[in-house]
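A.B. asks: Fold the stuff below for me.
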Amino acid sequence: MNDSIELAYGNSGLSLTLDPVRFDVTVLAPRNAPGVADLRDAFTTAVRSPQGTGPLREIVSRCSSKNPNVTIVISDHTRSTPDALLLPLIVEELGVGDDSVTILVGTGTHRETTRDELNAKLGEENLRRFRVVNHRCDDAKDMVDVGATSCGSAVRLNRTYVNADIRIATGFVEPHFFAGFSGGPKAVVPGVAGLETVEYAHRPRLIADPGSTW
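C.D. replies: Numbers count the residues shown, from 1 in each chain. Have a look, this model is predicted:
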């Protein structure tokens, strides 16, 4: 009798059949946490009582512009985040018009996310409501030099991101083999950074550094 294993791979999964005579198979299944009971309620609680910063509405109220332009950085097609559900809630909480919002796809050094992939990720309604653009790390005219690291490396970021009055990033946080955790700052570097900046942040010497660990 063969052992069948289902892998969470791609869009539809992958089935493997292994001969137990040739292979000693042990399946390690994750302990999945239950989802939130009410997404809107959980979102509202998080952005109105956040940790380490002020409520989202308070941040908006401090903006000097009467009609602030907002850039929301989202993960690209290689990351599964519920942006189709989050974007309308974020914009509603901000209290700004749809024409003030740009969705910037943080591709890092990946290829651009296609229209079909954007439709699957964001939904047609969000694509209709908001301006959506792909970050292109190798397009010099889209980059702005914002300074340098403590080691002297230039930091170049996406012009749309830098010029925004309000910058927001969605995503998920998970263990990362040399950054400690992904998400958060990684939405900016490598997400919307120039190629040279990304290459510096991912250089072999940094990855091999004893401080780069789980």
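A.B. asks: three-state assignment of residue 196?
C.D. replies: Of the three states, residue 196 takes helix according to DSSP: H, G, I helix; E, B strand; the rest coil.
A.B. asks: tell me the phi and psi of residue 200?
C.D. replies: For residue 200, the backbone dihedrals are phi -70, psi -40 (criterion: degrees, to the nearest 10).
A.B. asks: try residue 16
C.D. replies: Dihedral pair for residue 16: phi -120, psi 140, per degrees, to the nearest 10.
A.B. asks: Check residue 70 too.
C.D. replies: Dihedral angles phi and psi of residue 70 (degrees, to the nearest 10) take the values phi -120, psi 130.
A.B. asks: what bridges to it?
C.D. replies: Beta bridges link residue 70 to residue 101, residue 166, judged by DSSP bridges.
A.B. asks: hang on, it packs against residue 101?
C.D. replies: Yes: in this structure, residue 70 is within contact of residue 101 by C-beta atoms under 8 Å, at 4.9 Å. Glycine gets a C-beta too; all of them are placed from N, C-alpha and C.
A.B. asks: who touches both of these two?
C.D. replies: 91, 94 (C-beta atoms under 8 Å, 6 or more residues apart in numbering).
A.B. asks: who has more neighbours, those two?
C.D. replies: Legend: neighbour count by other C-beta atoms under 10 Å for residue 70 and residue 101, higher for residue 101 (24 against 21).
A.B. asks: Enumerate every residue touching that one.
C.D. replies: The contact partners of residue 101, taken as C-beta under 8 Å, 6+ apart, are 69-72, 91, 94, 129-131.
A.B. asks: What of residue 138?
C.D. replies: Here residue 138 is in contact with 194-195 (criterion: C-beta under 8 Å, 6+ apart).
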